[in-house]
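Colleague: Here is a sequence with its predicted model. Questions after.
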Amino acid sequence: MSELQQTKLWDDWDDINLSTSERRIERLEILLCQKVHKGEDISECLQVLEYLKNRTTEQKLETVLFQQVQSKLAFNSWHKVTQAGLAFLITITCFGGLFKLASLATSNNSLSELSLEPHSIKDAPHQRQKHYK
């Protein structure tokens, strides 16, 4: 009983801090105890108290859920950027390899044509003779 008497009455609005839901719940619990002590009806206080506690729990769950969704979205975005970057690097590497192969093939064809031309001139009469035999 002494705790209830020492607690400020709900009528002292100037000094009451209701900035957070925890503070509102605390003040409502005090009011509930005061009403019980006076023998007044507490049904409305219990409904409001239940609402505030549920709302506080919902807010905490929403915060946790939001953080999980946000981290998952960040991970998915990073994963897509990484995949796109790897695909880009692989594409550049493949095109670089193809360009080198094409350059080597072109230079090899030029060299082989140059090396075949003298042989073909020299070998041409021999090849004709072989065919006529």
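Modeller: Yep, it's here. Keep in mind that what you see is a predicted model, and the values were worked out from it rather than measured. Residues are numbered from 1 along each chain as shown.

Colleague: what about residue 28, neighbour count?
Modeller: Counted with other C-beta atoms under 10 Å, residues neighbouring residue 28 total 19. Heads up, the C-betas are built off the backbone N, CA and C, glycines and all.

Colleague: if you skip the residues just before and after it, what's nearest to it?
Modeller: Distances taken as C-beta to C-beta, 6 or more residues apart in numbering place residue 49 nearest to residue 28, at 5.1 Å, with adjacent residues excluded.

Colleague: Tell me, how many residues neighbour that neighbour?
Modeller: By other C-beta under 10 Å, 17 other residues sit near residue 49.

Colleague: so which strand or helix has it?
Modeller: Element membership for residue 49 (DSSP states H and E) is helix 43-132.

Colleague: after the worst-scoring helix or strand of the chain on mean pLDDT, next one along is what?
Modeller: Least confident helix or strand of the chain, by mean pLDDT, DSSP states H and E, is helix 2-6 with a mean of 52. Downstream of helix 2-6, the first helix or strand assigned by DSSP H and E is helix 21-38.

Colleague: shaky segments in this protein?
Modeller: Residues of the chain that meet the criterion pLDDT under 70 lie in 1-17, 110-133.

Colleague: 80 instead?
Modeller: The chain contains residues with pLDDT under 80 at 1-22, 105, 107-133.

Colleague: For the helix holding residue 49, enumerate the helices and strands it packs against.
Modeller: Judged by 3 or more C-beta pairs under 8 Å, 6 or more residues apart in numbering; DSSP states H and E, helix 43-132 is in contact with helix 21-38.

Colleague: So which bits of the helix it packs on are buried?
Modeller: Applying a neighbour-count criterion of 16 or more other C-beta atoms under 10 Å, one finds 24, 25, 27, 28, 30, 31, 32, 34, 35 buried in helix 21-38.

Colleague: How much space separates the fifth one from residue 21?
Modeller: Residue 30 sits 15 Å away from residue 21, taking C-beta to C-beta, to the nearest Å as the criterion.

Colleague: just the third one next, same as before
Modeller: When C-beta to C-beta is applied, the distance between residue 27 and residue 21 equals 11 Å.

Colleague: again, but for the last one
Modeller: Going from residue 35 to residue 21 by C-beta to C-beta gives 20 Å.
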